[in-house]
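Q: this one's sequence-less:
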């Protein structure tokens, strides 16, 4: 697996280096194989005045770069993870696992168990306990811990015969593996944490004031099944089952061996079970495969995200064309009624748009297409053919209807064209108002959820204090 992931990462890196050094003609050859007509059409619509060839190359170069980089990064992550797993092998010489140190924790290792024939193979999870102190070590440490406790437990007091301040009874000691439990003969006199209960006594209690109260303090130092007891006396002045599979049976044997050999630095795994030789092999997890699968999915999403963003730009472009349509028809009808020809009106609108751009105006898709149409007419294309190309580039039914009226005006003369244009302008403004109303209703629907959340907050502000006051 490590070789596979490394090869994928290397291939991705080499591809990036080689592809972006290729001549433009060879890049175009690759792009033609992966491009489609819809994307090319969207690119043309999103940037009508730009270089279509350059835009297509830039779009696909960006997609390829993002996809290959994501795949390469994911392969590197999978490779690093597999390498990390590979250098942390726990199995030594086929049948031994090193324990954690005395202060460490238990270790879990996943193993493949087989009988050597390859017919009976099973994966098991082996839990290896940390190394355990032997009895002699525990006794030496318990004696040392007792000396430390005798100093620590007094707190601000001088000795056990004169306890006038709260004692310090810890639950553990640094550098010692014991857990410490305390028991007081008179728990009403002092708690297990060493806090003296002074509320039961007053200054008139002569015995407590002068002689104190004698009580026993018992301490146990525990380390698993080892217990070391300490008994002290203090004078306190308180004033103020089913059939097991091969893997389960071996796991039971390993657990038993683990408990019996905790003093050894290593756990030895059984090599023979019921006359059958047992072989072990560390079982790798599937995290590196999941990383690679996630990488492939992320790369695919990033690849198609560019097309999705392009589609969103085309939708915004179409919405802008719909908004600008009533203004175009109205101005065209106004200039036509003033006596200008269709071609003269077209040049007039394009000239006004260029002036607007010079003064810092915003680019509009409609007038960019009109500039292209004007350029075609200036280059010698027929007027009607240029208008038809404009309608086809816009790609909306409304513009086809409008161009149909313009072509009629060119072919038949003025006749009743003014009335038709004015009627089209009125209809366009009506549709624009309806569209604005739909957008307003859609915005109101989007605001409904935040309003509900605000209502819930207001209700909580009102009701929670009321419930608290009832209590």
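A: Now that the structure is in, tell me what you want to look at. Predicted, not measured: the structure shown is a model, and the values here were computed from it.
Q: which regions of the stretch 51-200 of the chain lie under the pLDDT threshold?
A: Applying pLDDT under 70 to the stretch 51-200 of the chain flags the ranges 51-53, 83-91, 93-94, 102-105, 116-119, 200.
Q: which residues in it form helices?
A: 52-87, 135-152 (DSSP state H, counting those that start in this stretch).
Q: Same question for the stretch 351-471 of the chain.
A: With DSSP H, counting those that start in this stretch as the criterion, the stretch 351-471 of the chain has helices at 365-378, 383-394, 397-412, 417-470.
Q: so can I have CSV of the ones you listed showing mean pLDDT, distance to residue 195 and mean neighbour count?
A: Every C-beta, even on glycine, is put in place using the N, C-alpha and C of the backbone. Converted to CSV, those look like this (pLDDT from 0 to 100; distance: least, CB to CB, whole Å; neighbours: other CB atoms under 10 Å):
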stretch, mean pLDDT, distance to residue 195, mean neighbour count
helix 365-378, 88, 80, 19
helix 383-394, 87, 86, 18
helix 397-412, 79, 86, 16
helix 417-470, 78, 33, 12
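Q: And residue 314, how far from residue 333?
A: In this view, residue 314 and residue 333 are 29 Å apart by CB to CB, to the nearest Å.
Q: The two: which has the busier surroundings?
A: residue 333 (22 against 19; other CB atoms under 10 Å).
Q: ok so, going back, so of the helices of the stretch 51-200 of the chain, which one's packed in deepest?
A: Highest mean neighbour count among the helices of the stretch 51-200 of the chain (mean count of other CB atoms under 10 Å): helix 52-87, with a mean of 17.
Q: Tell me the gap between that helix and the middle of its chain.
A: Centroid separation for helix 52-87 versus its chain: 18 Å, with CA atoms, centre = their mean, to the nearest Å.
Q: and it, what does it pack onto?
A: Applying 3 or more CB pairs under 8 Å, 6 or more residues apart in numbering; DSSP states H and E, we find helix 52-87 packed against helix 2-19, helix 24-34, helix 37-46, helix 287-337.
Q: TSV please, covering the ones you listed and showing mean pLDDT and distance to residue 213.
A: Listed next are these as TSV, based on pLDDT from 0 to 100; distance: least, CB to CB, whole Å:
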stretch	mean pLDDT	distance to residue 213
helix 2-19	73	71
helix 24-34	70	91
helix 37-46	72	91
helix 287-337	83	62
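Q: Could you pull up phi and psi at residue 278?
A: phi -110, psi 130 (degrees, to the nearest 10).
Q: separation between it and residue 256?
A: From residue 278 to residue 256 the distance is 15 Å (CB to CB).
Q: Who has more neighbours out of these two?
A: More crowded of residue 278 and residue 256, by other CB under 10 Å: residue 278, with 19 against 11.
Q: Let me know whether that one touches residue 272 as I believe.
A: Yes. Applying CB atoms under 8 Å as the test, residue 278 and residue 272 come out as touching, 6.8 Å apart.
Q: before we move on, back to that, how about the helices and strands packed on helix 52-87, which one is nearest residue 65?
A: helix 2-19 (7.0 Å; CB to CB).
Q: Quick one: residues contacting residue 218.
A: 182, 183, 184, 185, 229, 230, 231, 232 (CB atoms under 8 Å, 6 or more residues apart in numbering).
Q: ok, these vs residue 141, which is closest?
A: residue 230 (13.6 Å).
Q: Could you find the closest non-adjacent residue to that closest one?
A: Nearest non-adjacent residue to residue 230, counting by CB to CB, 6 or more residues apart in numbering: residue 219, 4.2 Å away.
Q: How about the backbone phi and psi for that neighbour?
A: When read as degrees, to the nearest 10, the backbone of residue 219 gives phi -130, psi 140.
Q: Over to residue 222?
A: Main-chain torsions, residue 222, degrees, to the nearest 10: phi -120, psi 140.
Q: Per-residue confidence at it, what does it come out as?
A: For residue 222, the pLDDT comes out at 92.
Q: for the helices of the stretch 51-200 of the chain, which one sits closest to residue 7?
A: Here helix 52-87 is closest among the helices of the stretch 51-200 of the chain (CB to CB), at 8.3 Å.
Q: Please work out the angle formed by the directions of that closest one and helix 24-34.
A: 80 degrees (axes from the mean of the first three to the mean of the last three CA atoms, to 10 degrees).
Q: what angle do helix 52-87 and helix 287-337 make?
A: 160 degrees.
Q: Distance to residue 251 for the helices of the stretch 351-471 of the chain - can I get that in CSV?
A: Below are these laid out as CSV (distance: least, CB to CB, whole Å):
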stretch, distance to residue 251
helix 365-378, 70
helix 383-394, 73
helix 397-412, 73
helix 417-470, 52
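Q: Let me know which of the ones you listed is the nearest to residue 338.
A: Between the helices of the stretch 351-471 of the chain, helix 417-470 lies closest to residue 338; by CB to CB that is 10.1 Å.
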